[in-house]
Structures are given as C-alpha cells and as structure tokens.
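*Asks:* just the structure for this:
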Amino acid sequence: MSGLSKIASELAHYRKVASALRKSAGPQVAVEDGALLEIAEFGPNPGNLRMLVHAPQDLPPRPALVVVLHGCTQTAQAYDHGSGWSTLADAHGFVLLYPEQKSANNQNTCFSWFDPAHTARDRGEAASIRSMIERVSVDLDIDRDHIFVTGLSAGGAMANVMLAAYPEVFAAGAVIAGLPYGGARNVHEAFRAMFSGASRSGADWGALVRGASHHRGPWPKISIWHGGADATVVPSNAQEIVKQWTEVQGLPVHATAQHSEGAHHLREWRDDMGELRIEEHVIAGMDHGAALSRAAAVGAPGAFMLDVGISSTLEIARFFGLVGAAVEGGAPPSPPQKSHDVSDLHSVVASVEKTITDVLRKAGVLR
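*Replies:* Sure thing, here's the model as predicted:
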C-alpha cells in the first residue's frame, strides 16, 4: 500500500510541475530531448533567444535555479548532455534554465557578450535571459536567494555579463573559459581579447561592473575555470576576471590560499569572515573547453567537453552549495528522444493517471 501511495504522490507532483511549465509556455511547448522543455512564450524577448527548462520530477519546495549558457557552435541540448547538469539536477532537486542562441542571430550560435546592445541591463540578450529567469522563478516558485549562472566560452562571458548587469539576482556564478565584463565592445575587440587578452587595472575593470547597475553589494560569489593551454580564449582572461571581481568585492589582489594537485591549480580568495568569495581553477595543459571526469559519472566527453580528471560541473555545483563535499555520481544523461508537442504530454499524463487510478481502485484505496 505504501508503494501505491508513493506512486500517486509522485504523479501528483509531476502533474503540478508540468502544469506550471505549460501555463507559462502558452500553446506551444516542445520536449527537445529527455531533459529539456521549451517555453515558447516567456515575456519580453528583445534578444530573440530560445528558453528551455529542466525541472526534475522530485522537485522540492522552493528549489534553486541554475542558468546555464552554452558556447559557440553548441545547442542547449548538446551542452546539457556534455556537461551533465541535468544528472545533478535530478539527483539533488534543482531547476535548470537553458537560454539558447538562434543561428538567425549568430551563425555560430554565440551569445553577443561583446555587444553593448546585448550586454547592458534591460537590453538585448541580457534582458531576454532576465525575462526567462523571472518566468521560471514565478511558475516553479524558485528560491530567489539561490539563483546561479554559469557558462562556457561565449556563454561564460555572457554569464559574466549577467553577474555584472543583474548582480542582485544571483547568489553566485561560474565562468568557464570566458572573459571579463566590458572587455570588448565590437567583434574586432572581441577577437583581440580572446586571442591576445586585454589587460587593465583592477580599478578599471571594477568600474565597468559598478557602472552596469545601481547595485552596491553584496556581490555574487565567482568561480573561474580555464585551461592553461587554451589558444581560443587565452588564459590571461581568467586573471583579468579575478582582477575585476576582487576589486569589486574589496578583496586582496593576492589569493588567501593556493592548492595544486597534478595539473589542477586552485586559488581562493576569502573575506574577513573567512567565507570563500572567489576561486580560480586553472588546468595545466587543457585546451579550450569545460573540464570533465569520467570517474564522476557526470557529463560526456566530446567537442569542448574535455576529460581531464576533474568535473567542473560537479565542482561548480559544490561551490553553489547544491551538492555535498563527497563525490556524488549518477547515471549518464538520457539519450536524445523524439520531439513531442504539448498534446503528447497531456496524453502521457492522462494515461499514467488512468493506470494508477485503476490500480488504486482494485486495491480498494479508491471507490
């Protein structure tokens, strides 16, 4: 009997989550794969982006939200499969939001992290992402104190844009192979910053962040990841991001602690209370991409997903406070499945509900 009650409870919860997502989506909802649900209408969208969401079936009250931004030539689906974020979300009960760039906006599907028309508060792509955050936060009752953002490459630079433009929204962020906020204002400057770096003083970098909003603290915590052999976005960009955010947060230039294990080099900056505010991970010999580890059973190696013996996804989730200190794996992400529309989802829910109702009636629980 307890097993049947659990099934009924899980069904009720699933229907609640699905109903909330459908409500925000309007008439068109599509399941891109086994993990991501497209929300076709979510409010103002000046950046013309797509919105995809993953909400685990076992969702706790007031869950956390992680905004994940893919890199160039990637899709939200591919980045989720490679990074393994949905594996952790299912295991630990938090929601994922995947903004996705359209090829109509950029043929390489890069976010416009360098264009002032898309990086200023309440403008362009930044405003679209903020609109998505608001939509999912309302519909799934997200804990506003536990909203995070992360991204790779152009997505990493765009994550830094969101931290600078909307610092009051995020508790923490993680920038993987990204660039400092305000490091470029056009395509030419963007390539120069990527391939050669753009060195400025901490005061100059900090002024760009403070000028992006009226917010004056507290500031989000930052985790910075970079490959030591990255030739696409040179590693000096990680150091410039460190300069930018240590200055904004009033932290010393020199790290308060350093650790090295094999190719993995970690620096930490803590405040006067001993709280970790900024960390920088550099993986010696690693090229452009996100660090993965087969041993962690999170994600899948592939293009820009590099098996170097440490899972950036898992470590970032720990930094956000979403998982514990012990290594916690999980099953690999589900393989891509056929797309469905909202009528299919309704049919599935109705079919499962009928089956369980029949079982409960035969067991004498319902009449």
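*Asks:* can you show me the helices along the stretch 51-200 of the chain?
*Replies:* When assigned using DSSP state H, counting those that start in this stretch, the helices of the stretch 51-200 of the chain occupy the ranges 76-83, 85-92, 116-119, 124-139, 154-165, 187-196.
*Asks:* what comes up buried for the fourth one?
*Replies:* Applying a neighbour-count criterion of 16 or more other Cβ atoms under 10 Å, the buried positions in helix 124-139 are 124-133, 135-137, 139. The way it works is simple: take the backbone N, C-alpha and C, and place the C-beta from them, glycine included.
*Asks:* I'd guessed residue 209 sits against residue 162; true?
*Replies:* No: the criterion here is Cβ atoms under 8 Å, and residue 209 misses it with residue 162 at 11.7 Å.
*Asks:* who has more neighbours out of the two?
*Replies:* Ranked by neighbour count (other Cβ atoms under 10 Å), residue 209 and residue 162 place residue 162 first, with 28 against 23.
*Asks:* residue contacts, that one?
*Replies:* By Cβ atoms under 8 Å, 6 or more residues apart in numbering, residue 162 lies in contact with 67, 126, 129, 130, 149, 169, 170, 173.
*Asks:* so what sits against both of residue 209 and residue 162?
*Replies:* Common contacts of residue 209 and residue 162 (Cβ under 8 Å, 6+ apart): none found.
*Asks:* state the helix or strand in which the closest residue in space to residue 282 that isn't next to it in sequence lies.
*Replies:* Spatial nearest neighbour of residue 282, excluding adjacent residues (Cβ to Cβ, 6 or more residues apart in numbering): residue 265 at 4.7 Å. Secondary structure from DSSP states H and E places residue 265 in strand 264-270.
*Asks:* what pLDDT, on average, does that strand get?
*Replies:* Taken as a whole, strand 264-270 has a mean pLDDT of 98.
*Asks:* start the count at 655, not 1, going forward
*Replies:* With 655 as the first residue, the last one maps to strand 918-924.
*Asks:* can you list the buried residues in that strand?
*Replies:* Here strand 918-924 shows 918, 920, 921, 923, 924 as buried, counting by 16+ other Cβ under 10 Å.
*Asks:* check which helices and strands the helix or strand just after it sits against.
*Replies:* Toward the C-terminal end, the helix or strand that comes next after strand 918-924 (DSSP H and E) is strand 930-937. On a contact count with 3 or more Cβ pairs under 8 Å, 6 or more residues apart in numbering; DSSP states H and E, strand 930-937 meets strand 875-881, helix 890-902, strand 918-924, helix 966-973.
*Asks:* residue 717: which of these is closest?
*Replies:* Among the helices and strands packed on strand 930-937, the nearest to residue 717 by Cβ to Cβ is helix 966-973 (13.5 Å).
*Asks:* got the contact list for residue 907?
*Replies:* 856, 897, 900.
*Asks:* between those residues, which has the most around it?
*Replies:* Taking other Cβ under 10 Å to define a neighbour, the member of these with the most is residue 900, carrying 22 neighbours.
*Asks:* with only the CA atoms kept, save stretch 882-895 in CSV.
*Replies:* Taking Å, rounded to 0.1, in the frame of the first residue of the first chain, the C-alpha atoms of stretch 882-895 are listed here in CSV:
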residue,chain,number,x,y,z
GLY,A,882,46.2,26.5,-19.2
ALA,A,883,46.8,25.7,-22.9
ASP,A,884,43.6,27.5,-24.2
ALA,A,885,44.5,29.1,-27.5
THR,A,886,40.9,30.2,-28.3
VAL,A,887,40.4,32.3,-25.2
VAL,A,888,43.9,32.8,-23.7
PRO,A,889,44.3,32.0,-20.0
SER,A,890,45.2,35.6,-19.1
ASN,A,891,41.5,36.4,-19.4
ALA,A,892,40.9,34.3,-16.2
GLN,A,893,43.4,36.5,-14.4
GLU,A,894,41.6,39.7,-15.6
ILE,A,895,38.3,38.3,-14.4
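*Asks:* report the buried residues of it.
*Replies:* For stretch 882-895, a neighbour-count test (16+ other Cβ under 10 Å) marks 884, 887, 888, 889, 891, 892, 893, 894, 895 as buried.
*Asks:* mind checking which helix or strand of this structure has the lowest mean pLDDT?
*Replies:* Ranking every helix and strand in the chain by mean pLDDT, DSSP states H and E puts strand 994-995 at the bottom, with a mean of 33.
*Asks:* isn't residue 830 up against residue 811?
*Replies:* No: counting by Cβ under 8 Å, residue 830 stays clear of residue 811, with 9.9 Å between them.
*Asks:* which residues do the two both contact?
*Replies:* residue 805.
*Asks:* now do the contacts for the residue minimising distance to the centre of the chain.
*Replies:* With distances taken as Cα atoms, centre = their mean, residue 722 lies nearest the centre of the chain, 2.2 Å away. The contact partners of residue 722, taken as Cβ under 8 Å, 6+ apart, are 730, 733, 734, 737, 739, 750, 751, 752, 803, 804, 805, 809.
*Asks:* likewise for residue 776?
*Replies:* By Cβ under 8 Å, 6+ apart, residue 776 lies in contact with residue 784.
*Asks:* look up phi and psi at it.
*Replies:* Phi and psi for residue 776, reported as degrees, to the nearest 10, are phi 70, psi 30.
*Asks:* what about residue 939, how many residues nearby?
*Replies:* Residues lying near residue 939 (other Cβ under 10 Å) number 10.
*Asks:* what's the answer for residue 732, then?
*Replies:* Around residue 732 there are 19 residues (other Cβ under 10 Å).
*Asks:* domain ranges for this structure?
*Replies:* Here the domain assignment for the chain is 655-682+1006-1021, 686-990, based on automatic domain parsing.
*Asks:* by mean pLDDT, show me the worst of those domains.
*Replies:* Note on those: domain 655-682+1006-1021 shows the lowest mean pLDDT, a mean of 45.
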